[in-house]
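need a structure here:
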Amino acid sequence: MLARLSIRDIVLIERLDIEFASGLAVLTGETGAGKSILLDAFALALGGRGDAGLVRHGAEQGQVTATFDIPKSHPAAAILAANDIEGSISEDSGEMILRRVQLADGRTRAFINDQAISVQTMKAVGAALVEIHGQHDERALVDASTHRRLLDAFAGLEKDVAALEMLWDARRTARAALDDHRAGMERAAREADYLRHASDELKKLAPQDGEETTLAERRTTMMQGEKIAGDLREAQDAVSGNNSPVTVLAAAVRRLERRAASSPQLVEPAVKAIDIAINALEEADQHLAAALTAADFDPAELERIEERLFALRAASRKYATPVDGLAALAAKYAADVALIDAGADRLKILEKDATEADKRYAAAAQKLSAARVKSAEKLNKAVNGELAPLKLERAKFSTQIDSDPESPGPQGFDRVEFWVQTNPGTRPGPLMKVASGGELSRFLLALKVVLSDKGSAPTLVFDEIDTGVGGAVADAIGARLARLAGKVQVMAVTHAPQVAVRADQHLLISKDALDRGKRVATRVATLAKDHRREEIARMLAGAEITAEARAAADRLLKAAG
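Numbers count the residues shown, from 1 in each chain. Take a look at the predicted model:
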């Protein structure tokens, strides 16, 4: 519910802070006191259209802050979560603070709990928190797009609708799978001859990922090896051929070893050094032999490598695909051919799945439609029962349900719209088009009383819905507003004393002259008991409050209490 409303520098309002409570709050005051300004400012905080003209003359900007106490499970929190906005509701207090800044140049800024948001998001959150109903208001109940949801809420069908939405998603998924498979089969069938030829050709070629790189590197190694093979052989001949020093060094070692017994200190270091040299030369010989083996190649192998590279690169050009992509292309073509060969069986399975999904959805949608028709009768009866006291005894309310199974949707195939017939013999029609301003406001009140807190925002605002009525009708309106306030918070701008006396909180809106009459400012005061009686008397009597008016005010307050 709305807990506080703070307004700064909006039209005639310089500084205003209002605390609200649960129940019914009425706003009264003389014509022109600023009630419409107050509602315009409130609407701005809910995401309404900004206007530079709202900024008080001489100020650079105006600001409206609306503080709500709501549970964390409220739909408004879900809207913020869906827009990745953190800190939607305070953990401790359950507060959600909507703040809108209106600049004098026409620009606006929007915040929720001091986090900047788009105006569109603020508007969605505001609609979930507050409904504003007036004689010419085209939102809330008069919006036909909300009527199906309201009927479902009245009937308690929300879980059935959620289940149907899941069946709709399953149906859509099954249909998408069927359509994709069928499109693939049709595409494959159109290209069947080409696909079979290409698949066979690529299957015979059997390209491998990375094969081109491996073959190119092997080809390069073989061609380079041919050039250096002569140098390798010459080096090997020097190390281990006829002119190799190994034989001479080995003979020298043997001679020295025979002398080692007599002069070990002189001979052993030399023998050790010559052994190291011989081992190094033998190791070099091994490396040279290995290099020669690697450099040696079969000319036929080089030819095979070059032919393979040519075949792979020719296929790459033919199919406009990199060589490394040929293996994947071969797999795709093979799959397409398999789709032609085995797609009919898969098609039958998918068709069966889609048909079963259709049947499950259709059965649930038909059941939901029947429940809506049955609940619509109850809603009609309940709303029509509220019309007579509101001086609409000759009017008739009806819920029109147009069902078209050929036009299904996530919530079924029903189009729901509230219709009214204002007098016998007249043609019924949509609520917004048929009812006049005064009638519309009373129809809306009857609907809200019946719907109570079902599908309703936690705060309802009624703007002068009692205009043009008085006496028993105004009293009936007041009684219904009070009943409604037992379930949700209700605010009502009223000129009817019969409505004002039902209030749990009475706010008086007035204009005060400032700076010796050079300017005026709108003020709001919460009326205590005595002042409240005086305001009720003014509403009864007009400019001059008489003793009779005060006595009448006392009687009204006593009857309402």
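
Next, the nearest residue to residue 69 once chain neighbours are set aside: secondary structure please.
Counting by CB to CB, 6 or more residues apart in numbering, residue 69 lies nearest to residue 3, which is 4.9 Å off, once chain neighbours are set aside. Bear in mind the C-beta positions are built from the backbone N, C-alpha and C, glycine included. Under DSSP: H, G, I helix; E, B strand; the rest coil, residue 3 falls in the strand class.

what number of residues lie near residue 3?
Using other CB atoms under 10 Å, residue 3 has 21 neighbouring residues.

And the pLDDT for it?
Residue 3 carries a pLDDT value of 94.

Please apply the same query to the one 5 residues further on.
Among the per-residue scores, residue 8 holds a pLDDT of 94.

Give me the most central residue, this structure.
residue 82 (4.6 Å; CA atoms, centre = their mean).

any idea how far residue 124 is from it?
As for residue 82, its distance to residue 124 is 9 Å (criterion: CB to CB, to the nearest Å).

And for residue 551?
Taking CB to CB as the measure, residue 551 falls 49 Å from residue 124.

next one: residue 384
Relative to residue 124, and taking CB to CB, residue 384 is found at 33 Å.

circling back: which residues are in contact with the residue nearest to residue 69?
19-20, 67-69, 95 (CB atoms under 8 Å, 6 or more residues apart in numbering).

Among these, which one is most surrounded by other residues?
residue 68 (24 neighbours).

Which strand residues bridge that one?
residue 2, residue 96 (DSSP bridges).

How about the contacts made by it?
Per CB under 8 Å, 6+ apart, neighbours of residue 68: 1-3, 76, 95-98, 129, 458-459.

and the residues you listed, which are buried?
Neighbour-count burial (16 or more other CB atoms under 10 Å) applied to the contacts of residue 68 gives 1-3, 76, 96-98, 129, 458-459.

now the residues you listed as TSV including distance to residue 260?
What follows is the buried ones among the contacts of residue 68, written out as TSV (distance: CB to CB, whole Å):
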residue	distance to residue 260
1	112
2	112
3	110
76	103
96	102
97	103
98	105
129	108
458	110
459	113
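
what distance separates stretch 301-308 from the centre of its chain?
Here stretch 301-308 is found 59 Å from its chain centre; the criterion is CA atoms, centre = their mean, to the nearest Å.

List the buried residues for it?
305, 308.

So if I had to pick from residue 551 and residue 124, which one is more boxed in?
Legend: neighbour count by other CB under 10 Å for residue 551 and residue 124, higher for residue 124 (19 against 13).

give me the element the more buried one is part of.
helix 119-129 (DSSP states H and E).

Neighbouring strands - and their directions - for whichever helix or strand comes after that helix?
Remark: after helix 119-129, the chain's next helix or strand is strand 130-134, criterion DSSP H and E. When pairing is defined by DSSP bridges, strand 130-134 lines up against strand 459-463 (parallel).

what mean pLDDT does the partner strand have?
Averaging pLDDT along strand 459-463 gives 89.

just curious, which of the contacts of residue 68 is nearest to residue 357?
Checking the contacts of residue 68 against residue 357 by CB to CB gives residue 76 as the nearest, at 34.1 Å.

Okay, buried residues for the helix or strand encompassing residue 154 please.
Assigned by DSSP H and E, residue 154 falls within helix 147-155. Using 16+ other CB under 10 Å as the test for burial, helix 147-155 gives 147-148, 150-155.

now the residues you listed in JSON lines, with distance to residue 223 and pLDDT?
Shown next, in JSON lines, are the buried residues of helix 147-155 (distance: CB to CB, whole Å; pLDDT from 0 to 100):
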{"residue": "147", "distance to residue 223": "83", "pLDDT": "91"}
{"residue": "148", "distance to residue 223": "78", "pLDDT": "92"}
{"residue": "150", "distance to residue 223": "83", "pLDDT": "90"}
{"residue": "151", "distance to residue 223": "84", "pLDDT": "93"}
{"residue": "152", "distance to residue 223": "80", "pLDDT": "94"}
{"residue": "153", "distance to residue 223": "82", "pLDDT": "90"}
{"residue": "154", "distance to residue 223": "87", "pLDDT": "91"}
{"residue": "155", "distance to residue 223": "85", "pLDDT": "93"}
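
Just give the nearest non-adjacent residue to residue 60, would you?
Closest to residue 60 by CB to CB, 6+ apart is residue 104, at 5.5 Å.

pretty sure that neighbour contacts residue 56?
No. Applying CB atoms under 8 Å, one finds residue 104 not in contact with residue 56, separated by 9.3 Å.

between those two, what contacts are shared?
Contacts common to residue 104 and residue 56, judged by CB under 8 Å, 6+ apart, are absent.

Run through the neighbouring helices and strands of the lengthiest helix in the chain.
If you go by DSSP state H, the chain has its longest helix at helix 326-387. Applying 3 or more CB pairs under 8 Å, 6 or more residues apart in numbering; DSSP states H and E, one finds that helix 326-387 makes contact with helix 147-155, helix 158-190, helix 192-205, helix 299-318, strand 396-403, strand 414-421, helix 437-451.

Comparing those, which comes out most buried?
Comparing the helices and strands packed on helix 326-387 by mean neighbour count (mean count of other CB atoms under 10 Å), helix 437-451 ranks first with a mean of 23.

Put the alpha carbons of that one into CSV.
In CSV, the C-alpha atoms belonging to helix 437-451 read as follows (Å, rounded to 0.1, in the frame of the first residue of the first chain):
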residue,chain,number,x,y,z
GLY,A,437,-18.9,9.2,-17.6
GLY,A,438,-21.0,9.0,-14.5
GLU,A,439,-22.3,5.6,-15.4
LEU,A,440,-18.9,4.3,-16.2
SER,A,441,-17.5,5.3,-12.8
ARG,A,442,-20.3,3.5,-11.0
PHE,A,443,-19.9,0.3,-13.2
LEU,A,444,-16.2,0.3,-12.3
LEU,A,445,-17.0,0.7,-8.6
ALA,A,446,-19.4,-2.2,-8.8
LEU,A,447,-16.8,-4.3,-10.6
LYS,A,448,-14.1,-3.5,-8.1
VAL,A,449,-16.3,-4.3,-5.2
VAL,A,450,-17.1,-7.7,-6.6
LEU,A,451,-13.5,-8.4,-7.7
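
Helix 147-155 and that one, what's the angle between them?
40 degrees (axes from the mean of the first three to the mean of the last three CA atoms, to 10 degrees).

gap between helix 437-451 and the chain center?
Its chain's C-alpha centre and that of helix 437-451 lie 33 Å apart, by CA atoms, centre = their mean.

Let me know the closest of the buried residues of helix 147-155 to residue 176.
For these, the nearest to residue 176 is residue 148 (25.8 Å; CB to CB).

Does that closest one touch residue 411 like I think?
Yes. Between residue 148 and residue 411 there is a contact under CB under 8 Å: 6.5 Å.

residue ranges with poor pLDDT in the stretch 301-450 of the chain?
Applying pLDDT under 70 to the stretch 301-450 of the chain picks out residues 437.

Recalculate using a threshold of 80.
Applying pLDDT under 80 to the stretch 301-450 of the chain picks out residues 338-343, 432, 434-439, 441.

how far away is the residue nearest to the centre of the chain from residue 131?
Noted for residue 82: a distance of 21 Å to residue 131, by CB to CB.

Show the pLDDT at residue 90.
53.

List the residues that contact residue 329.
Neighbour list for residue 329: 202, 319, 321 [criterion: CB under 8 Å, 6+ apart].
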